[in-house]
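Peer 1: Sequence first, then the predicted structure, then my questions.
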Amino acid sequence: MAKARIYQRPKNAMQSGRARTDRWLLEFEPAEAKRPDPLTGWAGSGDTREQVRLGFATAEAAIAYAEKAGLAFEVVPAPTRTLKLQAYADNFR
C-alpha cells in the first residue's frame, strides 16, 4: 500500500508573494528508487503514483479523502510564519 503525505505548500523563498500557500496537497511517497534510463541517462522509475498530486482546500478534506480511499498517510504541519520587523534605517547601523 502506498503511503501519502499531506502538507501545506510553503511560501516560495525567492518571491514575496504567497499565492497558492493556502492549499493542502496530498502526494504519494515513491514506491521504488529512481534509476538512470539507458538511452537518455535521465532518472526515472516505473512508479506512476509519484506523478499524482491532489489539492484540497483544507487539511480535513485531504484527511477525509485519504481515509475514504484507504490510504496510509502522514500529515506534515504547516510551517509557522515568523516576521522579522525592522526599520529600513537599521540596515545602515
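Peer 2: Received the coordinates, thanks.

Peer 1: a strand runs through residue 73, doesn't it?
Peer 2: Yes. Under DSSP: H, G, I helix; E, B strand; the rest coil, residue 73 sits within a strand.

Peer 1: For residue 63, give me the backbone phi and psi.
Peer 2: Here is the backbone geometry of residue 63 (degrees, to the nearest 10): phi -70, psi -40.

Peer 1: OK, contacts around it?
Peer 2: Neighbouring residues of residue 63 by Cβ atoms under 8 Å, 6 or more residues apart in numbering: 6, 73, 75. Quick note: C-beta positions are derived from backbone N, CA and C, even for glycine.

Peer 1: can the residues you listed go into JSON lines with extra columns for distance to residue 51, pLDDT and neighbour count?
Peer 2: Formatted as JSON lines, the contacts of residue 63 follow (distance: Cβ to Cβ, whole Å; pLDDT from 0 to 100; neighbours: other Cβ atoms under 10 Å):
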{"residue": "6", "distance to residue 51": "17", "pLDDT": "96", "neighbour count": "22"}
{"residue": "73", "distance to residue 51": "18", "pLDDT": "96", "neighbour count": "18"}
{"residue": "75", "distance to residue 51": "22", "pLDDT": "96", "neighbour count": "16"}
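
Peer 1: The worst-scoring helix or strand of the chain on mean pLDDT pairs with which strands, parallel or anti?
Peer 2: Across the helices and strands of the chain, mean confidence by mean pLDDT, DSSP states H and E is lowest for strand 43-44: a mean of 90. Partner strands and pairing direction for strand 43-44 (DSSP bridges) are strand 35-36 (antiparallel).

Peer 1: got a list of contacts for the strand it pairs with?
Peer 2: By Cβ under 8 Å, 6+ apart, strand 35-36 touches 42-45.

Peer 1: Please report how far the nearest residue to residue 29 once chain neighbours are set aside lies from residue 77.
Peer 2: Leaving aside its chain neighbours, residue 29 sits nearest to residue 3 (4.9 Å; criterion: Cβ to Cβ, 6 or more residues apart in numbering). Counting by Cβ to Cβ, to the nearest Å, the separation of residue 3 from residue 77 is 17 Å.
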